[in-house]
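J.: I would like the atomic coordinates for the input below:
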Amino acid sequence: MKKTVSRPSEGMDFIFSMLLFLVFILCSVFTILIGSRVYGNIRARNDAAFYSDTALSYITNKVRQSDRTGSISVRTVEGQSILVLASDYDGILYETWVYTKDGSLLELFSEQGSGLTVEDGLPIMDCEPISFSIADKKNGAMLEITLEETPSPRTASLFLRSSSKGGRRNE
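T.: Sure, this is the predicted structure:
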């Protein structure tokens with residue numbers, strides 16, 4: 001009968017293999033953890049960019065739809081910078097207020113002089129504070145929409161076609 005003789009290094013080979021396998025498992029776990037953190041950061045940045053881009057796009061499209069002579073103005077009500085878009089439906093004047101409050105972009109559509117306040121607006125989306133200003137330029141008026149986000153504010157400037165010679169009239 002043959003006897004199997006074990007070499008003293010066979011135990012060491014097994015321990016070395018297990019240690020190597022453990023190192024592989026640890027590297028895999030750390031790679032997954034780091035990858036998930038990177039993914040979370042990228043997603044958070046994309047979400048923030050989405051909300052700021054969408055808010056600015058929403059407001060610029062509202063302005064373009066309402067760009068008629070005398071229909072766009074900026075007010076401050078209860079400390080809020082408000083973009084006011086006026087419209088006339090069947091001889092009744094209506095106003096759409098677009099503003100931010102408590103981290104949300106809000107819109108309020110009501111008859112002019114209805115007595116509704118900034119508390120009555122409907123939330124559109126989450127949004128950083130926004131300020132509006134209208135500057136008179138040589139060829140007309142320029143509406144500036146500033147999104148007060150961190151680390152740096154973003155501004156969209158819109159030339160109001162209705163303020164230039166030949167601009168559209170309220171119809």
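J.: Where does the prediction get shaky in the chain?
T.: By pLDDT under 70, the low-scoring segments of the chain are 1-8, 150, 163-171.
J.: residue boundaries of the strands in it?
T.: 72-77, 80-89, 92-101, 104-111, 122-126, 130-137, 140-147, 154-160 (DSSP state E).
J.: so can I have CSV of those showing mean neighbour count and distance to M18?
T.: Where C-beta positions appear, they are placed from N, C-alpha and C, glycine not excepted. Putting the strands of the chain into CSV (neighbours: other CB atoms under 10 Å; distance: least, CB to CB, whole Å) gives the following:
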stretch, mean neighbour count, distance to M18
strand 72-77, 14, 71
strand 80-89, 18, 66
strand 92-101, 18, 59
strand 104-111, 17, 56
strand 122-126, 13, 51
strand 130-137, 16, 60
strand 140-147, 18, 56
strand 154-160, 16, 55
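J.: To S36, which of those lies closest?
T.: For S36, the closest of the strands of the chain is strand 122-126, at 24.0 Å, according to CB to CB.
J.: What residues are bridge-paired with the closest residue to T155 other than its chain neighbours?
T.: Nearest non-adjacent residue to T155, counting by CB to CB, 6 or more residues apart in numbering: T146, 4.8 Å away. When assigned by DSSP bridges, T146 has beta-bridge partners S131, T155.
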